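Engineer: all I have is the shape, not the residue letters:
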């Protein structure tokens, strides 16, 4: 018996040490209130961040036309289960009305809830972490001016073991970048603005990139398109592999109207995105177009053939 114990003891120690190391490495991170200095909110900028970030597309309460009523409830189907967009209205009980500013900054940039648990990356914090802190604070201030919507949203329906939130700490270690995106200062100011909007609040890569079996973006095929996250349809490649014949004006016009140069119109979830982008300033839409037009060609996954082809 003693011999068996002596043989097992090192294994037990290694397993325990590994478990402790994983537990420490996957602890949810937070932004303390002390890290936030004085700030005077710019509500106009907060509204711009809301529109660029597409918040109403996911969080507006389904079945009504007021896109400022962010009571949540939209079902988002993925390969891991069905997620339900939460209430982010100013309601103090069911929304984010009682949140502190630090809790909101933490949620968007660290993917951590006020309760100290990991958020699922269906909430695109891997891109939101690229946002400037003042922009996040302006967004929070603007959200608090919108209507309070009562009502809690049902829990997610997630397949085992993906419902174990602590595992998301491991996902973050693998896929959550440690350095935020920094636009190239050698480029024009319009390009830099577009790069920020696309890679930060706009989170375009979250939909326009293929993902691996763990749900992480395939870095070498970023922006190269892939299956719709909900499994119905295809998100197009937006690099020059696909948009070589599009001009900056074509891209900007599509972001405003949904109309493409070939006479077709944007469909699927992009329809809701365009409802937001159409309310941005023409300068911001042009900036996004300038940056997208600059994306080098990347050949991504091959979309399935349409019926009749």
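Structural biologist: Sure thing, it's come through. This one's a predicted model, so the numbers in the text were calculated from it and none came from an experiment.

Engineer: going forward, measure contacts and count neighbours with C-alpha atoms only.
Structural biologist: OK.

Engineer: in the protein, which spans are helices?
Structural biologist: With DSSP state H, the ranges of helices along the chain come out as 2-25, 43-53, 55-59, 101-110, 125-128, 133-143, 167-175, 189-199, 204-207, 240-243, 248-257, 270-277, 282-294.

Engineer: got JSON lines for these, with mean pLDDT and mean neighbour count too?
Structural biologist: Formatted as JSON lines, the helices of the chain follow (pLDDT from 0 to 100; neighbours: other Cα atoms under 10 Å):
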{"stretch": "helix 2-25", "mean pLDDT": "56", "mean neighbour count": "11"}
{"stretch": "helix 43-53", "mean pLDDT": "98", "mean neighbour count": "21"}
{"stretch": "helix 55-59", "mean pLDDT": "94", "mean neighbour count": "22"}
{"stretch": "helix 101-110", "mean pLDDT": "97", "mean neighbour count": "22"}
{"stretch": "helix 125-128", "mean pLDDT": "95", "mean neighbour count": "25"}
{"stretch": "helix 133-143", "mean pLDDT": "98", "mean neighbour count": "22"}
{"stretch": "helix 167-175", "mean pLDDT": "90", "mean neighbour count": "17"}
{"stretch": "helix 189-199", "mean pLDDT": "97", "mean neighbour count": "21"}
{"stretch": "helix 204-207", "mean pLDDT": "94", "mean neighbour count": "22"}
{"stretch": "helix 240-243", "mean pLDDT": "96", "mean neighbour count": "17"}
{"stretch": "helix 248-257", "mean pLDDT": "97", "mean neighbour count": "20"}
{"stretch": "helix 270-277", "mean pLDDT": "93", "mean neighbour count": "20"}
{"stretch": "helix 282-294", "mean pLDDT": "98", "mean neighbour count": "22"}
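
Engineer: surely residue 131 and residue 200 touch.
Structural biologist: Yes: with contact defined as Cα atoms under 8 Å, residue 131 reaches residue 200; the gap is 5.1 Å.

Engineer: so for those two, which sits in the more crowded spot?
Structural biologist: Shown here are residue 131 and residue 200; by other Cα atoms under 10 Å, residue 200 has more neighbours (26 against 22).

Engineer: ok, the more buried one touching residue 130?
Structural biologist: Yes: contact criterion Cα under 8 Å: residue 200 and residue 130 qualify, at 4.8 Å.

Engineer: so what's the residue most central in space within the chain up against?
Structural biologist: Taking Cα atoms, centre = their mean, the centroid of the chain lies closest to residue 124, which sits 1.8 Å from it. Contacts for residue 124 (Cα atoms under 8 Å, 6 or more residues apart in numbering) come out as 203, 206.

Engineer: over to residue 126?
Structural biologist: 109, 111, 176, 177.

Engineer: now render the helices of the chain as TSV, adding distance to residue 151.
Structural biologist: Shown next, in TSV, are those (distance: least, Cα to Cα, whole Å):
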stretch	distance to residue 151
helix 2-25	34
helix 43-53	21
helix 55-59	13
helix 101-110	20
helix 125-128	24
helix 133-143	17
helix 167-175	27
helix 189-199	31
helix 204-207	28
helix 240-243	43
helix 248-257	33
helix 270-277	23
helix 282-294	34
